[in-house]
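Undergrad: Attaching a predicted model along with its sequence, questions to come.
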Amino acid sequence: MEPKRILIARTDRLGDVILSTSVIRFFREKYPDAYIAFMVRPENKDVVLNNPHLDEIITYDKYGLNKSLWSTVKIALLLKTKKFDTAVALHPTNRVHLMLFVAGISVRIGYNKKMGCLLTHKIFHDKHKGDMHEAVYNFNLLEKAGFDISGADFRPYMITTKEDGLLIDSVQKDHNISSDFIAVHVGASCMSKRWSPENFARVADELSRRYNHEIVLVGGDETSEFSRAVVSKMKRKVSDLTGTLLLGELAELLSRSKLFISNDSGPVHVSVAMGTPVVVIFGRNDPGLSPKRWGPLGEKDIVLHKPLNCSPCLAHECDNQFQCLQAITVDDVVQAAAKILN
């Protein structure tokens, strides 16, 4: 039976949500008359806020307003009133699987973990092996559930607004940022993913000197201390916008950047979605966290990754002083950037 009312759920982090936008486009192209909704955490709502392929966005604040089990049940009852006939849980969680079951959605697609028994189509979960890219895993799930994915476009996308554009116009004017700038993000969710601020400062100075491009630092509030460290060590002009931009505004800024340099983090995929090439620094020797699974999908993007023979990878508890990150040199990053800028 052709689905008429489709719910797509992705309630994990920023990069994961962006990499799932291709699934939205797939369903809209395949079922142009279907009603399509997307469930997401509130902090990532802006990823899909202006998505032309969606009819509705449903927010699920699992760490805040919807933390209690009763709140989860209330959302499930809300979903029931919307009469979805097909649901796809792209990321397995107990709460999401429970909601889809209580909502009485007849076709419930997802992975066979985290109460996967509540699904009607349970696909074996082996993402930790990192055998393919996360965007490909999404479509592998759909294919195993019976959808014809031939010709599907796996690339992520975001749409910014006129208001985002006007705001960034103002930001560039206020900070005297020219049209020739390089955006840099020095944060990451874990210290095992963070290259040193000293190295970022040296790269930024060298690229600014070599290409006469300005440097703009971006990121959320959690990145502020690392950005300040970069600013304190730079010799050339730098504009620090860390913690000042909403997600749509960040996307608009990155769309205007000549290049984006970053640790492995969500903003990498924002840049790819906006068509700006990236140089991304990866550490860790873990297949499930590797560039093969989480690398950027742009044609000109460059990944720098020098995994060592550390197995298993201890992540933030590394007892090897994060040698995988230290193995990536300032010159490595400068040369990678030069390949794109030239």
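TA: Structure's in. What do you need? This is a predicted model, so every value here is computed, not measured.
Undergrad: Just checking, which helix or strand of this structure averages the lowest pLDDT?
TA: Least confident element among the helices and strands of the chain, by mean pLDDT, DSSP states H and E: helix 323-326 (a mean of 84).
Undergrad: Can you list the low-confidence ranges for the chain?
TA: Applying pLDDT under 70 to the chain flags residues 311-322.
Undergrad: Can you give me the domain boundaries for it?
TA: 5-144, 164-341 (automatic domain parsing).
Undergrad: can I get the ones you listed in CSV with mean neighbour count and distance to Asp153?
TA: C-beta coordinates here come from the backbone N, C-alpha and C atoms, glycine included. What follows is the domains of the chain, written out as CSV (neighbours: other Cβ atoms under 10 Å; distance: least, Cβ to Cβ, whole Å):
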stretch, mean neighbour count, distance to Asp153
domain 5-144, 18, 6
domain 164-341, 19, 10
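Undergrad: I'd like those domains laid out as CSV, including distance to Met158.
TA: As requested, these are exported to CSV (distance: least, Cβ to Cβ, whole Å):
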stretch, distance to Met158
domain 5-144, 6
domain 164-341, 4
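Undergrad: Which one of those lies nearest to Phe154?
TA: The closest of the domains of the chain to Phe154 is domain 5-144. By Cβ to Cβ, the value is 4.4 Å.
Undergrad: can you tell me the distance between the two ends of that closest one?
TA: Start and end residues of domain 5-144 are separated by 20 Å (Cα to Cα, to the nearest Å).
Undergrad: Can you give the distance from stretch 21-29 to the centre of its chain?
TA: When distances are taken as Cα atoms, centre = their mean, to the nearest Å, stretch 21-29 is centred 17 Å away from the chain's centroid.
Undergrad: ugh, typo on my part, it should be stretch 225-238
TA: For stretch 225-238 - counting by Cα atoms, centre = their mean - the centre lies 25 Å from the chain centre.
Undergrad: Tell me which residues are up against that stretch.
TA: 184, 186-187, 194, 197-198, 200-202, 204-205, 208-209, 214-217, 219, 240, 242 (Cβ atoms under 8 Å, 6 or more residues apart in numbering).
Undergrad: ok, now stretch 81-88?
TA: By Cβ under 8 Å, 6+ apart, the list of residues contacting stretch 81-88 reads 1, 3-9, 23, 37, 56, 100, 103, 105-110, 141-142, 145.
Undergrad: Okay, helices next: where are they in this structure?
TA: 14-18, 21-30, 69-81, 94-102, 134-144, 162-174, 197-211, 224-233, 247-256, 266-273, 291-294, 323-326, 330-341 (DSSP state H).
Undergrad: If you count contacts, what does the first one end up packed against?
TA: With contacts defined as 3 or more Cβ pairs under 8 Å, 6 or more residues apart in numbering; DSSP states H and E, the secondary structure elements packing on helix 14-18 are helix 266-273.
Undergrad: which strands and helices sit next to the helix it packs on?
TA: helix 14-18, strand 181-185, helix 247-256, strand 259-263, strand 278-282.
Undergrad: Redo those as a markdown table? Include distance to Phe226.
TA: What follows is the helices and strands packed on helix 266-273, written out as a markdown table (distance: least, Cβ to Cβ, whole Å):
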| stretch | distance to Phe226 |
| --- | --- |
| helix 14-18 | 17 |
| strand 181-185 | 9 |
| helix 247-256 | 16 |
| strand 259-263 | 9 |
| strand 278-282 | 13 |
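Undergrad: Please identify which of these is closest to Phe124.
TA: Once those are compared by Cβ to Cβ, helix 14-18 is nearest, at 19.3 Å.
Undergrad: so how far is the closest one from its chain's centroid?
TA: 3 Å.
Undergrad: With stretch 80-89 instead?
TA: Using Cα atoms, centre = their mean, the offset of stretch 80-89 from its chain centre is 25 Å.
Undergrad: What of stretch 50-65?
TA: The answer for stretch 50-65 is 16 Å, by Cα atoms, centre = their mean.
Undergrad: try stretch 106-122
TA: On Cα atoms, centre = their mean, the centre of stretch 106-122 falls 24 Å from that of its chain.
Undergrad: How about stretch 90-107?
TA: 23 Å.
Undergrad: Mind listing residues that contact that stretch?
TA: By Cβ under 8 Å, 6+ apart, stretch 90-107 touches 3, 7-12, 16, 20, 23, 39, 60, 62, 72-73, 75-77, 79-80, 84-87, 89, 108, 110-111, 113-116, 118-121, 125, 138, 141.
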